[in-house]
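**Student:** My questions are about this predicted structure, shown below with the sequence.
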Amino acid sequence: MRFSRPRLLLLGVAVGIGLFASREGWVRASEARNREAEARKELAAAESERQSVARRIASAESPVGQEENARARGFRRPEERPVDAR
């Protein structure tokens, strides 16, 4: 099948109009990808914070964590002597 020059020109114009008309869709798709990437970053940060809080809660609820917290605040058992760190 042979194409004549007017048909090729018409085909080229039609393709050009189609590409021009679809560029807004590509722009929107690019913006949507950017928003998705930003949302994924925020989700990862929130998940990291949630894990950090869960670790702190688990530490505060465990006996070892409670003792570490109390000693950090200056608690000592009655039979213990204070240590002089000079």
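**Tutor:** Arrived safely. Numbering: from 1, shown residues only.
**Student:** Report all helices and strands that the longest helix belonging to the chain contacts.
**Tutor:** Ranked by residue count under DSSP state H, the longest helix found in the chain is helix 5-61. When contacts are defined as 3 or more Cβ pairs under 8 Å, 6 or more residues apart in numbering; DSSP states H and E, helix 5-61 packs onto helix 63-72. C-beta here means a position set from N, CA and C on the backbone, and glycine is covered the same way.
**Student:** if I look at Glu80, how far off is Gly12?
**Tutor:** From Glu80 across to Gly12, the span is 90 Å (Cβ to Cβ, to the nearest Å).
**Student:** what's the answer for Ala32, then?
**Tutor:** Distance from Ala32 to Gly12, by Cβ to Cβ: 30 Å.
**Student:** before we move on, what about Phe3?
**Tutor:** Distance from Phe3 to Gly12, by Cβ to Cβ: 11 Å.
**Student:** ok so, going back, show the average pLDDT along the longest helix of the chain.
**Tutor:** For helix 5-61, the mean pLDDT works out to 91.
**Student:** Next, count neighbours for Pro63.
**Tutor:** Using other Cβ atoms under 10 Å, Pro63 has 7 other residues around it.
**Student:** Ok, Arg40 next?
**Tutor:** Neighbours of Arg40 using other Cβ under 10 Å come to 10.
**Student:** and if you look at Gln66?
**Tutor:** Gln66 - counted by other Cβ under 10 Å - has 13 other residues nearby.
**Student:** All set now, cheers.
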